[in-house]
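Peer 1: Model the structure of this input:
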Amino acid sequence: MILENNKNIFKPVSGVIDDEYVYVAMAYCDVLCKISLSSGEVSLIKKISDEEGESLHLVAKYEENLVLIPHVSSTLIIFNAKYDEIKRISIPEPEKVNYNRIHIYESKMYMLPIFRKDIAVVDLVTGEVSFIKLPMNEMEKYLDSTKEYGIVSSYGHDEKLYIMCSNPNLVVEYDCNKGTFFLRKELKGSMSMCFGNGRYWIGKSDKTIVKYNSIDLIDGENVILPSDFTASNILSMSSCRIVGTKAIFWSFNSNMILRVDIKTGECDSLNLPRIDFLNANDNERCGPIYISANDTCIVFYSTMTEELIISNVEQNTYKTIKIWPSEELKRMVLKTEQDGINLKCFLEKLLMR
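Peer 2: Below you'll find the predicted structure:
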């Protein structure tokens, strides 16, 4: 572990699993890395020059490309590992938070917003970028003027995109084939969504999970949760993923992560180290941080032990791995930090003249 201002600068953020590695961007340094899921070694793939104070989220991999979307940034980065090439796509009028998920459908990549009022579309064949404006004229009819406009999360399945809004309190549905929007006002309180076994599963702000047997999202049925499940009112049920035959739901602050069998609808808790759920403050994050998932496992980062937690979702078992930076990565990051210190000292001396 290397600390700067009491922060672990090798803390990983959202990534993708590919074979025996998880590819990640680091939280406090502008590098693209891969972490071995067997040894825990963090090795350098590419240094990504980024604007100061901005942050990138690695969220997808297609063909030889790793995609870093502009979460708190003004540039989409597509990195081709095979040819060591970086393509940068500028985002007009960047917001304080831009996009936090992508959905690839046919030959296009859709970047789904978090505070923005558009969907960015990247043509994966031509590289052209276009923007689909959200139907704000219709959405504004349901806005609460006392609260800030905001989107909780988003989800894509086949040709449909779903944007779950906190204000206005509804779900915006977009059909990629038809190019049309539809406001689902009946889905108030939707926080997260996933699709598995022919059903939609939606996490709600009232700390419930609703199963929809119809793809038309009608006639929902509540999933029975463990009797000892608790969660704060902050971003409850705000994230979910399908892993194999299970739907995994987690909240910003709760005493467990939920595991729902998408065939039977039965729900229990995902077996994880208890140390990550011992925070008694309802206003702070409680539980490990999600990194990535594939068809069999889900990877978390423990802020308590600074380890990766690799959960075998079907078997409901886990293992932990200490992560450690390679010497190359350590030297590069330390040099970058020292260069920054040297530049700061130089500028301070210059101003004192």
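
Peer 1: What ranges does the stretch 51-200 of the chain have for its strands?
Peer 2: Along the stretch 51-200 of the chain, counting by DSSP state E, counting those that start in this stretch, strands occupy 55-62, 65-72, 75-80, 85-90, 99-105, 108-113, 118-123, 129-133, 150-157, 160-167, 170-175, 180-184, 190-196, 199-204.

Peer 1: show me the contacts for Asp158.
Peer 2: For Asp158, the contact set (Cβ atoms under 8 Å, 6 or more residues apart in numbering) comprises Tyr105. Where you see a C-beta, it was placed from the backbone N, CA and C, and this is true even at glycine.

Peer 1: Show me where the protein has its helices.
Peer 2: 136-139, 327-352 (DSSP state H).

Peer 1: The shortest one packs against which elements?
Peer 2: With contacts defined as 3 or more Cβ pairs under 8 Å, 6 or more residues apart in numbering; DSSP states H and E, the secondary structure elements packing on helix 136-139 are strand 180-184.

Peer 1: angle of the strand it packs on against strand 160-167?
Peer 2: If you take axes from the mean of the first three to the mean of the last three Cα atoms, to 10 degrees, strand 180-184 sits at 50 degrees to strand 160-167.

Peer 1: on that earlier part again, and the helices of the chain, which one averages the lowest pLDDT?
Peer 2: Comparing mean pLDDT across these, the lowest value falls on helix 327-352: a mean of 54.

Peer 1: Turn the strands of the stretch 51-200 of the chain into JSON lines, including mean pLDDT and mean neighbour count.
Peer 2: Below are the strands of the stretch 51-200 of the chain laid out as JSON lines (pLDDT from 0 to 100; neighbours: other Cβ atoms under 10 Å):
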{"stretch": "strand 55-62", "mean pLDDT": "71", "mean neighbour count": "20"}
{"stretch": "strand 65-72", "mean pLDDT": "81", "mean neighbour count": "22"}
{"stretch": "strand 75-80", "mean pLDDT": "85", "mean neighbour count": "20"}
{"stretch": "strand 85-90", "mean pLDDT": "84", "mean neighbour count": "13"}
{"stretch": "strand 99-105", "mean pLDDT": "89", "mean neighbour count": "20"}
{"stretch": "strand 108-113", "mean pLDDT": "92", "mean neighbour count": "21"}
{"stretch": "strand 118-123", "mean pLDDT": "92", "mean neighbour count": "19"}
{"stretch": "strand 129-133", "mean pLDDT": "93", "mean neighbour count": "13"}
{"stretch": "strand 150-157", "mean pLDDT": "92", "mean neighbour count": "20"}
{"stretch": "strand 160-167", "mean pLDDT": "95", "mean neighbour count": "22"}
{"stretch": "strand 170-175", "mean pLDDT": "96", "mean neighbour count": "20"}
{"stretch": "strand 180-184", "mean pLDDT": "96", "mean neighbour count": "14"}
{"stretch": "strand 190-196", "mean pLDDT": "95", "mean neighbour count": "23"}
{"stretch": "strand 199-204", "mean pLDDT": "96", "mean neighbour count": "23"}
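
Peer 1: Mind putting these into JSON lines with distance to Leu278?
Peer 2: Shown next, in JSON lines, are those (distance: least, Cβ to Cβ, whole Å):
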{"stretch": "strand 55-62", "distance to Leu278": "27"}
{"stretch": "strand 65-72", "distance to Leu278": "28"}
{"stretch": "strand 75-80", "distance to Leu278": "37"}
{"stretch": "strand 85-90", "distance to Leu278": "41"}
{"stretch": "strand 99-105", "distance to Leu278": "27"}
{"stretch": "strand 108-113", "distance to Leu278": "33"}
{"stretch": "strand 118-123", "distance to Leu278": "39"}
{"stretch": "strand 129-133", "distance to Leu278": "43"}
{"stretch": "strand 150-157", "distance to Leu278": "26"}
{"stretch": "strand 160-167", "distance to Leu278": "28"}
{"stretch": "strand 170-175", "distance to Leu278": "34"}
{"stretch": "strand 180-184", "distance to Leu278": "38"}
{"stretch": "strand 190-196", "distance to Leu278": "24"}
{"stretch": "strand 199-204", "distance to Leu278": "23"}
